[in-house]
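**Q** Everything below, folded, please.
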Amino acid sequence: HQCPSNLSSWGGAQAVIVLPGARMPPRRERRSRFSAEPTVLIVDDEETPRSVACRMVRALGYQARTARDGREALRYLQQHPGEVRLLLTDVVMPYMDGGELAERARDLHPRLPIVLMSAYPSGEIAELVAAYPELPFLAKPFTTEKLHQVLTPLLGAPARVRNRRANDRVPYRDRTRQSS
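**A** Predicted coordinates for the structure are as follows:
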């Protein structure tokens, strides 16, 4: 699935056309907006890094929502209390930088984990990042593995990953023996 480019582009309709004599396609299970998987809100004013981060978060097994700036992110947090389990935000954005967004998001949800990210050289944003020493920081571009290392301690492993690991431990059954 493509990640939405912004909050207003979610949703859409799906139509299934069944011609006479055709078999019905299997019904896909509809995903709830409030999935059991933790939801990460990704905030970046640039489309490409926002989309890449969104795909990475989903590849790790988490739900992802996106916002183009801090104002849009705050609106989403206010309109969907409790849905977002982690805020992943760019540091340098128009209207409101990632630090101000972090403060305002914490005013709404005091226990919300927040991760800052930036592609700017560390010297240029060092002062801003230093003002929030308790927040993890990711330098862009980052790998899926690096994102995993940051998100997992804050959110835990997604259920599908936990289940896959549990299924990998299914004991081997010798099928070469014939049952009598």
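
**Q** Got phi/psi on Pro81?
**A** Per-residue torsions, Pro81: phi -60, psi 130 (degrees, to the nearest 10).

**Q** so it makes contact with His109?
**A** Yes: Pro81 lies in contact with His109 (Cβ atoms under 8 Å); the separation is 7.5 Å. All C-beta spots, glycine's among them, are computed from the backbone N, C-alpha and C.

**Q** Now the common contact residues for the two.
**A** Taking Cβ atoms under 8 Å, 6 or more residues apart in numbering as the criterion, Pro81 and His109 do not both touch any residue.

**Q** out of these two, which sits in the busier spot?
**A** His109 (16 against 9; other Cβ atoms under 10 Å).

**Q** those strands in the chain, which residues are they?
**A** 39-43, 63-67, 84-90, 114-118, 137-139 (DSSP state E).

**Q** In CSV, list the ones you listed along with mean neighbour count, distance to Glu127 and mean pLDDT.
**A** Converted to CSV, those look like this (neighbours: other Cβ atoms under 10 Å; distance: least, Cβ to Cβ, whole Å; pLDDT from 0 to 100):
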stretch, mean neighbour count, distance to Glu127, mean pLDDT
strand 39-43, 25, 20, 97
strand 63-67, 23, 24, 97
strand 84-90, 24, 16, 97
strand 114-118, 22, 12, 95
strand 137-139, 17, 13, 93
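
**Q** right, and those strands - which one's nearest Thr152?
**A** strand 84-90 (10.8 Å; Cβ to Cβ).

**Q** ok and that closest one relative to strand 114-118, angle-wise?
**A** 20 degrees (axes from the mean of the first three to the mean of the last three Cα atoms, to 10 degrees).
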